[in-house]
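> this one's sequence-less:
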């Protein structure tokens, strides 16, 4: 999974420009219309906060997106490291059991409720 | 060199729940060492446009990601440039038509030369990042709806579908409505590709593509709704003889 590692390295390399890049993103139209956060509100802000190494703010304000970004970047580096060291790279599971699938959906909904409650 | 019309033998698209019908026929792009670069590119474009199910059933089962990524970069690059040219050509005409509506000004602004140059140079990096993130979201969605239970292709299969579905960028050749055509075409290609590659029922593939569209793209759909509302209000005060009133 050299692509995963490459993407993770590229995103980390771009992190000093995260704030500048984020300035060019448009606001959430769903929130503008309804006044409520959309299910993925905070994903870009979580990335910017993590890029600035403001880990506490990222995880307390945008928990699920921060967890997802951390897993994505961490997994990429672990995958790259495994390839460079000649070890077996991380295997992405082919399928998930029903309880895991239900847990993921519940986590997404819980994060959405949290975002709406905290006004993200 | 083979003639352009001489595609490899047709393979009936494998239906959900059935094994791929023919594993010997390969996607022309993955056979470009023998066919030649240009011939393989043209044949693959023809195949994915005319018989996408057949095309996706010919993907190599191994983990070769260089071929699909190269195809995706090349094809999306080509059509991105076309869309930039259309933007340059059409922006003045659209400005004449919608110039009176301040909310639409930003949407029809002509791209700057520097903007086009930067996009052109950075496109391969941008495509790889978007392809990987997009495939991760799609694959996660496929796993949530149980669409990968029979899959032998794994995440690599989803990434390949994402890359080869970039052929939908051909819709950008249509002026003004090209973006919408490309988006709908991409949607159909993703459903077909995911169902074929992961040997999943089309209903699950459809659900897997719809979930991110609804969950992740609520903002995009909100933008589309706002855009539609603005267009509708613009045309309420429009007369073909005199433009916007």
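Nice, thanks for sending it over. Given the structure is predicted, the values throughout are model-derived calculations rather than measurements.
> does the residue most central in space within chain A sit in a helix, a strand or a coil?
When chain A is reduced to its mean C-alpha position, the closest residue under C-alpha atoms, centre = their mean turns out to be residue A:69, at 2.8 Å. Assigned with DSSP: H, G, I helix; E, B strand; the rest coil, residue A:69 falls in the helix class.
> so it touches residue A:49, yeah?
No: using C-beta atoms under 8 Å, residue A:69 is not in contact with residue A:49, being 9.4 Å away. The way it works is simple: take the backbone N, C-alpha and C, and place the C-beta from them, glycine included.
> which parts of chain A are helices?
A:2-14, A:18-23, A:29-34, A:43-51, A:55-61, A:63-84, A:98-118 (DSSP state H).
> quick check: phi and psi on residue B:200?
With angles defined as degrees, to the nearest 10, residue B:200 sits at phi -110, psi 150.
> quick one: it and residue B:148 touch, right?
Yes: checked against C-beta under 8 Å, the pair residue B:200 and residue B:148 is within contact range at 7.0 Å.
> ok, the spatially closest residue to residue A:70 that is not a sequence neighbour - contacts?
Distances taken as C-beta to C-beta, 6 or more residues apart in numbering or on different chains put residue A:50 closest to residue A:70, at 7.0 Å, once the chain neighbours are dropped. When the contact criterion is C-beta atoms under 8 Å, 6 or more residues apart in numbering or on different chains, the partners of residue A:50 are A:15, A:58, A:66, A:69, A:70.
> neighbours around the second one, how many?
In other words, residue A:58. A count of neighbours around residue A:58, defined by other C-beta atoms under 10 Å in any protein chain shown, yields 24.
> just confirm it contacts residue A:46, I think it does.
Yes: between residue A:58 and residue A:46 there is a contact at 5.1 Å, judged by C-beta under 8 Å.
> what touches both of those two?
Residues touching both residue A:58 and residue A:46 (C-beta under 8 Å, 6+ apart): residue A:66.
> can you tell me how far the residue of chain A found nearest chain B is from residue A:82?
Nearest residue of chain A to chain B, counting by C-beta to the nearest C-beta: residue A:29, 3.3 Å away. Distance from residue A:29 to residue A:82, counting by C-beta to C-beta, to the nearest Å: 41 Å.
> neighbour count for those two, which is higher?
Remark: of residue A:29 and residue A:82, residue A:29 carries more neighbours, 19 against 15, as counted by other C-beta under 10 Å.
> what about that one, distance to residue A:35?
For residue A:29, the distance to residue A:35 (C-beta to C-beta) stands at 12 Å.
> try residue B:142
Look at residue B:142 and residue A:35: by C-beta to C-beta, they are 33 Å apart.
> which one's more surrounded, those two?
Set residue B:142 next to residue A:35 and count neighbours by other C-beta under 10 Å: residue B:142 wins out with 31 against 9.
> element containing the closest residue to that one other than its chain neighbours, please.
Nearest residue to residue B:142 in three dimensions, chain neighbours excluded: residue B:208, at 4.3 Å (C-beta to C-beta, 6+ apart). Take DSSP states H and E as the rule and residue B:208 turns out to sit in helix B:202-215.
> one step back: tell me which of the helices of chain A is the most buried.
Highest mean neighbour count of the helices of chain A: helix A:43-51, a mean of 21 (counted as mean count of other C-beta atoms under 10 Å in any protein chain shown).
> distance from the chain centre to that one, please.
Using C-alpha atoms, centre = their mean, to the nearest Å, the distance from the centre of helix A:43-51 to the centre of the chain it belongs to is 8 Å.
> what do you get for stretch B:69-78?
For stretch B:69-78, the separation from the chain centroid amounts to 11 Å (computed by C-alpha atoms, centre = their mean).
> who's in contact with the residue nearest to residue B:142?
When the contact criterion is C-beta under 8 Å, 6+ apart, the partners of residue B:208 are B:138, B:141, B:142, B:144, B:145, B:147, B:194.
> among those residues, name the ones in helices.
Counting by DSSP H, the contacts of residue B:208 contribute B:138, B:141, B:142, B:144, B:194 to helices.
> my guess is the third one contacts residue B:200, does it?
Yes: with contact defined as C-beta under 8 Å, residue B:142 and residue B:200 form a contacting pair (7.2 Å).
> among the helices of chain A, which is nearest residue B:63?
Ranking the helices of chain A by their distance to residue B:63 (criterion: C-beta to C-beta) puts helix A:2-14 first, at 10.2 Å.
> now the closest one: mean pLDDT?
Mean per-residue pLDDT for helix A:2-14: 89.
> elements contacting it?
helix A:63-84, helix B:113-144 (3 or more C-beta pairs under 8 Å, 6 or more residues apart in numbering or on different chains; DSSP states H and E).
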